[in-house]
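Colleague: got a predicted structure plus its sequence, pasted below:
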Amino acid sequence: METITYQNLTTTDELDILLGKESRYKDFHYLYETETIDLLKRNFTLVNGLYLFALHDAAFAGFVSCDTDWWEPNCFFLRELFVSPDFQGQKIGFTLVQKCIDHAKLHNAEKLITQTAHENIPMQTLCESFGFKKWDNPRWDDGINYKLSL
């Protein structure tokens with residue numbers, strides 16, 4: 001297994017590395033476009049957010065972000081999780097989600113929320129391995145919503 005390090009982002013400019021990064025799984029395709037990166041940059045300044053890169057040497061291996069931009073109090077929102085195709089299968093996604101859970105607990109959150117596409121089977125499998133439960137979100141019904149009680 002490769003040695004992976006995890007680095008907190010300190011500026012919004014670091015998010016630009018995501019532009020054009022993409023991944024596929026069967027019918028699921030994800031591509032970082034300017035609109036998504038701009039949203040990440042807007043949320044970067046939220047208090048107690050976590051924006052983290054996974055790196056192999058200097059090479060980008062993955063990214064995760066979680067923040068408090070959610071309408072329910074005491075919740076963190078796992079906004080983005082991405083593992084570069086070259087580094088999938090090395091438990092990087094698992095570690096990134098665990099770091100979000102630990103971060104949310106550190107900030108006394110009661111829940112960690114996330115959403116994913118119906119076609120994103122790897123994310124669904126990962127969420128269920130942590131004990132996230134599916135729930136009906138009245139504000140988003142285009143995919144699957146998950147909630148983890150902390």
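Modeller: Okay, I see it.
Colleague: what residues of stretch 99-118 count as buried?
Modeller: Residues of stretch 99-118 classed as buried: K99, C100, I101, H103, A104, A109, K111, L112, I113, T114, Q115, T116 (neighbour count, 16 or more other Cβ atoms under 10 Å). Every C-beta, even on glycine, is put in place using the N, C-alpha and C of the backbone.
Colleague: export the residues you listed to JSON lines and tack on pLDDT and secondary structure?
Modeller: Putting those into JSON lines (pLDDT from 0 to 100; DSSP: H, G, I helix; E, B strand; the rest coil) gives the following:
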{"residue": "K99", "pLDDT": "98", "secondary structure": "helix"}
{"residue": "C100", "pLDDT": "98", "secondary structure": "helix"}
{"residue": "I101", "pLDDT": "98", "secondary structure": "helix"}
{"residue": "H103", "pLDDT": "97", "secondary structure": "helix"}
{"residue": "A104", "pLDDT": "97", "secondary structure": "helix"}
{"residue": "A109", "pLDDT": "96", "secondary structure": "coil"}
{"residue": "K111", "pLDDT": "97", "secondary structure": "strand"}
{"residue": "L112", "pLDDT": "97", "secondary structure": "strand"}
{"residue": "I113", "pLDDT": "96", "secondary structure": "strand"}
{"residue": "T114", "pLDDT": "96", "secondary structure": "strand"}
{"residue": "Q115", "pLDDT": "95", "secondary structure": "strand"}
{"residue": "T116", "pLDDT": "95", "secondary structure": "strand"}
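Colleague: closest one to R24 out of these, please.
Modeller: Checking these against R24 by Cβ to Cβ gives T116 as the nearest, at 14.8 Å.
Colleague: and the closest one, bridged to which residues?
Modeller: I144 (DSSP bridges).
Colleague: can you tell me how far it sits from D86?
Modeller: As judged by Cβ to Cβ, to the nearest Å, T116 and D86 stand 22 Å apart.
Colleague: now do the strands in the chain.
Modeller: Taking DSSP state E as the test, the strands found in the chain are 5-8, 22-25, 28-31, 50-56, 59-67, 75-83, 111-116, 133-135, 144-149.
Colleague: by contact count, what packs against the second one?
Modeller: Identification of packing neighbours for strand 22-25 by 3 or more Cβ pairs under 8 Å, 6 or more residues apart in numbering; DSSP states H and E yields strand 28-31.
Colleague: how far does the strand it packs on sit from its chain's centre?
Modeller: How far strand 28-31 lies from its chain's middle: 14 Å, per Cα atoms, centre = their mean, to the nearest Å.
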